[in-house]
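Visitor: below is the sequence, then the predicted model.
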Amino acid sequence: MSNRIGPRVPSNGDRAADDPVREAYEAGEHERAYEAALVMANHGQLDAQVFVAWMLWQGVGTPKDLEAAIRWLTVAHSKGDPSAGFYLGKIRQSQGDAGAAFKNYETSASANFLPAIYRLGLCFERGYGVAADLNRALELYERGVARNHVFSMKRMGVLLVRGHGGLLRRICIAPLFIKAALIIVTLGAKDPYSEQLIE
């Protein structure tokens, strides 16, 4: 799969012949990928709806259309797709609507969607859309750490280095913080877009 920041490419199966979206996207034919994903989205495939929304939001393979992106994400979110709630949160955050972003992240995190758990931790850490609560932020980062989420490791490590969370947590997390630092350095060396992954 190509290097990109976004939802997973929707799939109809395991073989390339069954995956017109993946085949087109990986070939750099983004317009064709958008059209194929749109057909799948119109047939109710949730990951295709999220992918179409992401393409509309970012203007990949189609002109940017934030309102259409929000409509697709709202449909997928209403049908229970946690990634849709996460992307709605990111859009709301980019619009400066902290309360709506927090609610979207919270809904997606309650479905154990890892990027939303991390973003919810950031909300609690920074007081974005909710009163700041470093203990709650640490709890959320710990959920991410338990699933090897490198950015949760990083944020948890930063808070622990700053003296939050107690001595026992600091002792337990030290090896994971070192692991996260090594992964981040490796990503930075291999992926020119890695700085987009940090926050």
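Guide: Looks like it came in fine. Because the structure is a prediction, the values reported are computed rather than measured.

Visitor: the spatially most central residue of the chain sits in which helix or strand?
Guide: With distances taken as Cα atoms, centre = their mean, the residue of the chain nearest its centroid is residue 115 (4.2 Å). Assigned by DSSP states H and E, residue 115 belongs to helix 114-126.

Visitor: mind exporting the next helix or strand after that helix as PDB, just the C-alpha atoms?
Guide: Per DSSP H and E, the first helix or strand lying C-terminal to helix 114-126 is helix 134-146. What follows is helix 134-146, C-alpha atoms only, in PDB (Å, rounded to 0.1, in the frame of the first residue of the first chain):
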ATOM      1  CA  LEU A 134      -4.300  14.500  33.000                       C
ATOM      2  CA  ASN A 135      -5.300  11.400  34.800                       C
ATOM      3  CA  ARG A 136      -8.000  10.600  32.300                       C
ATOM      4  CA  ALA A 137      -5.500  11.400  29.400                       C
ATOM      5  CA  LEU A 138      -3.000   9.000  30.900                       C
ATOM      6  CA  GLU A 139      -5.700   6.300  31.200                       C
ATOM      7  CA  LEU A 140      -6.500   6.700  27.500                       C
ATOM      8  CA  TYR A 141      -2.900   6.700  26.500                       C
ATOM      9  CA  GLU A 142      -2.400   3.500  28.500                       C
ATOM     10  CA  ARG A 143      -5.200   1.900  26.400                       C
ATOM     11  CA  GLY A 144      -3.200   2.900  23.300                       C
ATOM     12  CA  VAL A 145       0.100   1.700  24.800                       C
ATOM     13  CA  ALA A 146      -1.500  -1.700  25.500                       C
END
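
Visitor: which outside residues touch helix 134-146?
Guide: Helix 134-146 has contacts (Cβ atoms under 8 Å, 6 or more residues apart in numbering) with 109, 114, 117-118, 120-122, 124-125, 151-153, 155-156, 159, 164-165, 169, 173, 176. For the C-beta atoms, the positions are set from N, CA and C on the backbone; glycine is no exception.

Visitor: likewise stretch 33-48?
Guide: Against stretch 33-48 from outside (Cβ under 8 Å, 6+ apart): 7-12, 20-22, 24-25, 49, 51-52, 55, 60-62, 72, 76, 79-81, 83-84.

Visitor: now do stretch 64-82
Guide: 41, 44, 46-47, 49-50, 52-54, 56-58, 83-85, 87-88, 91, 104, 107-108, 111-113, 116.
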